[in-house]
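In: Please work out how this folds:
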Amino acid sequence: MKIIKKLLLLLVIAFIIAQFFRPEKNTGDLASIEPFLAETKPPEDVKLILKEACFDCHSNVTRYPWYNNITPVNFWLKNHIDHGKKHFNISKWEGNSVKRKDHKFEELIEMVEEKSMPLNSYTWTHSEAKLTDAQTSSVVEWAKKVRLMYDFKPKPE
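Out: Sure, this is the predicted structure:
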């Protein structure tokens with residue numbers, strides 16, 4: 001029994017010390033999203049969906065929940081955000097080729113239709129990000145229009 005108490009005390013001390021080590025936050029400027037919005041011209045309903053369901057993990061602007069102040073949860077969140085931005089970063093949209101932008105929208109359509117985005121682990125704590133069938137249709141319809149626009153732009157071989 002003494003060993004269990006010592007182990008628990010050691011774990012509590014380690015947890016307290018861990019709180020002094022935090023990952024860097026994803027802090028960006030809302031202006032970094034503007035080129036994406038200006039180019040893709042989402043309707044207001046889709047813009048709201050993007051804000052609620054996409055921007056936190058797929059841009060340089062993240063609204064952090066209260067539990068981001070707890071280590072190791074904050075490291076887990078950082079990993080999710082970094083992974084999301086690696087695949088699709090709205091804040092770095094301008095630097096992409098037309099071919100890449102078109103491909104990103106192809107992936108967006110596929111993942112939204114399959115309901116693999118937004119992630120379940122995100123919608124558990126952000127219920128407003130869980131897309132209804134109507135919202136899914138709106139996003140997919142908009143994304144298909146954007147892809148059509150990219151079809152008419154010249155693409156280097």
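In: For the rest of this, base every contact and every neighbour count on C-alpha atoms.
Out: Fine.
In: Quick check: pLDDT value at the residue nearest to the spatial centre of the chain.
Out: Centroid-nearest residue in the chain, with CA atoms, centre = their mean: residue 57, separated by 1.9 Å. pLDDT, residue 57: 85.
In: now do residue 153
Out: On the pLDDT scale, residue 153 gets 65.
In: now the one helix or strand residue 148 maps to, how far from the centre of its chain.
Out: Using DSSP states H and E, residue 148 sits in helix 133-151. From the chain centre to the centre of helix 133-151 is a distance of 18 Å (CA atoms, centre = their mean, to the nearest Å).
In: Now do the buried residues in stretch 76-95.
Out: 77-78, 80-82, 84-85, 88-93 (16 or more other CA atoms under 10 Å).
In: The residues you listed in strands, which ones?
Out: Secondary structure defined by DSSP state E assigns none of the buried residues of stretch 76-95 to strands.
In: of all the residues you listed, which comes closest to residue 105?
Out: In terms of CA to CA, no member of the buried residues of stretch 76-95 lies closer to residue 105 than residue 88, at 9.4 Å.
In: Look up phi and psi at the closest one.
Out: Dihedral pair for residue 88: phi -160, psi 100, per degrees, to the nearest 10.
In: Can you tell me, leaving aside adjacent residues, what's nearest to it?
Out: residue 58 (5.7 Å; CA to CA, 6 or more residues apart in numbering).
In: and that neighbour, what does it touch?
Out: Each residue near residue 58 by CA atoms under 8 Å, 6 or more residues apart in numbering is listed here: 81, 84-85, 88-91.
In: Give me the buried positions along the lowest-mean-pLDDT helix or strand in the chain.
Out: Ranking every helix and strand in the chain by mean pLDDT, DSSP states H and E puts helix 120-123 at the bottom, with a mean of 79. Neighbour-count burial for helix 120-123 flags residue 122 (criterion: 16+ other CA under 10 Å).
In: any residues touching it, and which ones?
Out: 129-130.
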